[in-house]
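A.B. asks: My questions are about this predicted structure, shown below with the sequence.
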Amino acid sequence: MNIYVILKRTFHTEEKIIIENGKISEDDAEFIINPYDEYAIEEAIQLKDQNNGEVTVITAGSQEAVKELRTALAMGCDKAVLIDIEDDVEDGDEFTISHILAQYLKEKEIDLIIGGNMAIDGGSGQVGPRLAELLNIPYVTTITEFQIKEGKALVTRDVEGDSEIIETTLPLLVTAQQGLNEPRYPSLPGIMKAKKKPLEQLELDDLELEEEEVAPKTKTIEIFLPPKKEAGKVLQGELKDQVAELVSLLRNEAKII
């Protein structure tokens, strides 16, 4: 069974974001595997063990993503692929990434592609569905359970507080939601083995792609931090006095009543 995991390198979830000259500063920032992609990696490894498969993790980004790919290999993936676009594409968007991944994957024998439901830095959740459309395969998003039975996939997906069960065929693309599994930590033996596992590095030229073909379709106009919240007010006194003051503040200051 050939399984591919699409991965993105993102800021650490506790990283303090700093804006400099209208852009997010990456100086001394800590990066990690996008947390939703960790669920994808874990599910891929479990399916590999159950179905005698092979897992390849792939990302389109910069050389710095080698660290995150090695982490995925240490978790249990078999191969990694980095498509280095740093020098060719500036501010690539979902269109860019999905087309680059599709160009790499279109000639591969694929049973399953797994990605995270969304990236925590962008939150669009578009790359997975776009990639499936380009490869002309079915896809199911926000999955919380996944099984393969008799060559078919039985998938449970989250639909905002409820669940939907879908049966579909392979090849298939799915995106992982929180709760699908519990991602493992890389073990020391896994880290040592990861150093010897294959990590292929490609550029756009290797995929026979021109920069114009994958130029982004969207443009970021401005990046800014949310305004600082003012300190709240604590009302004092008897309950009836607090109620009267609250009503007065809502009417005269907040102007919502």
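C.D. replies: Done, it's in.
A.B. asks: Just checking: what are the partner strands of the longest strand along the chain?
C.D. replies: Once the chain is assigned using DSSP state E, the strand that runs over the most residues is strand 139-149. Strand 139-149 has the following strand partners under DSSP bridges: strand 152-158 (antiparallel), strand 172-176 (parallel).
A.B. asks: Please produce JSON lines containing the ones you listed, extended by distance to residue 196.
C.D. replies: Glycine gets a C-beta too; all of them are placed from N, C-alpha and C. Formatted as JSON lines, the strands paired with strand 139-149 follow (distance: least, CB to CB, whole Å):
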{"stretch": "strand 152-158", "distance to residue 196": "32"}
{"stretch": "strand 172-176", "distance to residue 196": "27"}
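A.B. asks: ranges for the strands of the stretch 1-150 of the chain?
C.D. replies: Using DSSP state E, counting those that start in this stretch, the strands found in the stretch 1-150 of the chain span residues 2-6, 9-11, 19-20, 23-24, 31-33, 54-61, 79-84, 112-116, 139-149.
A.B. asks: Save those strands as CSV, and put in mean pLDDT, mean neighbour count and distance to residue 204 too.
C.D. replies: Output for the strands of the stretch 1-150 of the chain, formatted as CSV (pLDDT from 0 to 100; neighbours: other CB atoms under 10 Å; distance: least, CB to CB, whole Å):
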stretch, mean pLDDT, mean neighbour count, distance to residue 204
strand 2-6, 97, 23, 17
strand 9-11, 91, 19, 18
strand 19-20, 78, 10, 28
strand 23-24, 76, 12, 23
strand 31-33, 93, 19, 23
strand 54-61, 96, 24, 10
strand 79-84, 97, 21, 8
strand 112-116, 97, 28, 21
strand 139-149, 95, 18, 25
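A.B. asks: what would those strands look like in TSV with distance to residue 175?
C.D. replies: Output for these, formatted as TSV (distance: least, CB to CB, whole Å):
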stretch	distance to residue 175
strand 2-6	9
strand 9-11	15
strand 19-20	29
strand 23-24	24
strand 31-33	15
strand 54-61	15
strand 79-84	19
strand 112-116	5
strand 139-149	5
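A.B. asks: what about the closest residue to residue 106 other than its chain neighbours, distance to residue 107?
C.D. replies: Nearest non-adjacent residue to residue 106, counting by CB to CB, 6 or more residues apart in numbering: residue 135, 6.4 Å away. Applying CB to CB, to the nearest Å, the value for residue 135 to residue 107 is 11 Å.
A.B. asks: the more surrounded of these two?
C.D. replies: Ranked by neighbour count (other CB atoms under 10 Å), residue 135 and residue 107 place residue 135 first, with 18 against 7.
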